[in-house]
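Participant: Have a look; sequence and predicted model below, questions after that.
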Amino acid sequence: MERRCVALVSGGLDSTLAAKLMLEQGIDVRGLFLSMSWGCCEKPKAQAAARQLGIPLMILSVGDAYLDVIRAPKYGYGTQMNPCVDCRIYMFRIAKRYMEEAGAGFLVTGEVVGQRPMSQRKRPLAIIEQDSGLDDLLLRPLSAQLLDPTLPERLGVVDRSRLLALSGRSRHEQIALAARYGITGYSQPAGGCLLTDEGFAAKTKDLFAHDERPTTKDMELLTIGRHLRLTPSTKVILGRNELENLLLEGYAGEGYAVITPKFPGPAAMVIGVLNDETKAAALRLVLQHTKAEKLPEGALEFRCGADRWTVDKDTLQPVMNAAEINA
């Protein structure tokens, strides 16, 4: 077996330590970051961790196919819309393909037994290993001594006695190890995957209920603004500040029209059909969510792409049937 591994690097402490333990044993480590712009991991943190470790880092996107995992996970959801077990299986399948391309002998992750209630107990860990096709080639250095020896351990490629037996949610031992190795700047444990957030999960459910083939772009947009459903086929996203207004404009395209007021108010992205009715509804929503003192005297000016127009604000009545998805 090759003394080379692929290590999943998230930018967090656990994955960084797992890779470091391999480097300590003279293993050639290739880092892999799986990019998901609405997920729990930060690409800049992963890149910084790879630089500290002195290892190359491949960045791959999870792709639109990952949305099928969210829509119908074989092993179910956690507290909200988080398909933790199926998510790990999907990602490890990607990692396995990269492992083979990189000529590596095994995969390394920073998982710790008992740290995550859904995906990091012994039974789910075994399911993930089997269903991802990584039987015997998935090494979890931080908890290895609590698990059955993997093939690289049995072959002597990895010295099992130098691996750890960490378990549970406490990170005191990891923090101590980081201090010993001089590892800094790692991501702190936070809320985790956005799919565990009640508001984000509500928007995800709404998206899947009204769109048979959503894309990663649709998922990224769930992180921006107020989402209001107008019809089964049309919703509006309102920017909540200047930055979100700019972000919405950056996502504009076919099927994603952005109406921008020429006064200090929210931009409105119309996703779906843009016609006179939905445009008028979007304008009314902009008016409803603009502070009265910010409204100019006289007509209101708007633009959408190359189009420009003015509207008498007295003709814009409140939209009564647009419920905010993430209240």
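Facilitator: Thanks, I have the structure now.

Participant: contacting residues around residue 28?
Facilitator: Each residue near residue 28 by Cβ atoms under 8 Å, 6 or more residues apart in numbering is listed here: 2, 3, 4, 5, 104. (C-beta placed from N, C-alpha, C; glycine too.)

Participant: how much space between it and residue 74?
Facilitator: For residue 28, the distance to residue 74 equals 34 Å [Cβ to Cβ, to the nearest Å].

Participant: before we move on, what about residue 29?
Facilitator: Distance check for residue 29 against residue 74: by Cβ to Cβ, it reads 31 Å.

Participant: Looking only at neighbour counts, state which of those two leads.
Facilitator: A direct count of neighbours by other Cβ atoms under 10 Å for residue 29 and residue 74 places residue 29 higher, at 23 against 11.

Participant: That one contacts residue 16, correct?
Facilitator: No - taking contact to mean Cβ atoms under 8 Å, the distance of 11.0 Å between residue 29 and residue 16 leaves them out of contact.

Participant: Give me the common contacts of those two.
Facilitator: When Cβ under 8 Å, 6+ apart defines a contact, the residues bordering residue 29 and residue 16 alike are residue 53.

Participant: Return the helix or strand where residue 14 lies as PDB; C-alpha atoms alone will do.
Facilitator: Under the assignment given by DSSP states H and E, the secondary-structure element containing residue 14 is helix 13-24. What follows is the C-alpha trace of helix 13-24 in PDB, where atoms were taken according to Å, rounded to 0.1, in the frame of the first residue of the first chain:
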ATOM      1  CA  LEU A  13      -9.300  21.700  14.400                       C
ATOM      2  CA  ASP A  14     -10.100  18.000  14.100                       C
ATOM      3  CA  SER A  15      -9.400  17.600  10.400                       C
ATOM      4  CA  THR A  16      -6.200  19.600  10.800                       C
ATOM      5  CA  LEU A  17      -5.000  17.400  13.600                       C
ATOM      6  CA  ALA A  18      -5.900  14.200  11.800                       C
ATOM      7  CA  ALA A  19      -3.700  15.300   8.800                       C
ATOM      8  CA  LYS A  20      -0.900  16.400  11.200                       C
ATOM      9  CA  LEU A  21      -0.900  12.900  12.800                       C
ATOM     10  CA  MET A  22      -0.300  11.400   9.400                       C
ATOM     11  CA  LEU A  23       2.500  13.900   8.600                       C
ATOM     12  CA  GLU A  24       4.100  13.000  11.900                       C
END
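
Participant: and the next element down the chain from that helix?
Facilitator: In N-to-C order, the element after helix 13-24 by DSSP H and E is strand 28-35.

Participant: Show me what counts as buried in the helix or strand following that next one.
Facilitator: Remark: after strand 28-35, the chain's next helix or strand is helix 43-53, criterion DSSP H and E. Buried residues in helix 43-53, defined by neighbour count with 16 or more other Cβ atoms under 10 Å: 43, 45, 46, 47, 48, 49, 50, 52, 53.

Participant: show me what contacts the residue nearest to the fourth one when sequence neighbours are not counted?
Facilitator: Right, the one you point to is residue 47. Across the structure, with Cβ to Cβ, 6 or more residues apart in numbering as the measure, the residue nearest residue 47 apart from its sequence neighbours is residue 57 (6.1 Å). Counting by Cβ under 8 Å, 6+ apart, residue 57 touches 9, 31, 32, 33, 46, 47, 50.

Participant: mind putting those residues in TSV, distance to residue 116 and pLDDT included?
Facilitator: Supplementary listing: the contacts of residue 57 in TSV, determined by distance: Cβ to Cβ, whole Å; pLDDT from 0 to 100:
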residue	distance to residue 116	pLDDT
9	18	95
31	21	98
32	20	97
33	19	96
46	19	92
47	24	94
50	23	96
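
Participant: Residue 237 in helix, strand or coil?
Facilitator: Per DSSP: H, G, I helix; E, B strand; the rest coil, the secondary structure class of residue 237 is strand.

Participant: Might one say that residue 234 is in contact with residue 275?
Facilitator: No - the pair formed by residue 234 and residue 275 falls short of the contact definition of Cβ under 8 Å, at 9.0 Å.

Participant: Give me the more crowded residue out of these two.
Facilitator: Higher neighbour count among residue 234 and residue 275: residue 234, with 20 against 11, using other Cβ under 10 Å.

Participant: for this structure, which helix is longest?
Facilitator: In terms of residue count, the longest helix belonging to the chain (DSSP state H) is helix 84-101.

Participant: how far out from the middle of the chain is that one?
Facilitator: Distance of helix 84-101 from the chain centroid (Cα atoms, centre = their mean, to the nearest Å) equals 15 Å.

Participant: One more: stretch 142-153?
Facilitator: For stretch 142-153, the distance to the chain centre is 29 Å (Cα atoms, centre = their mean).
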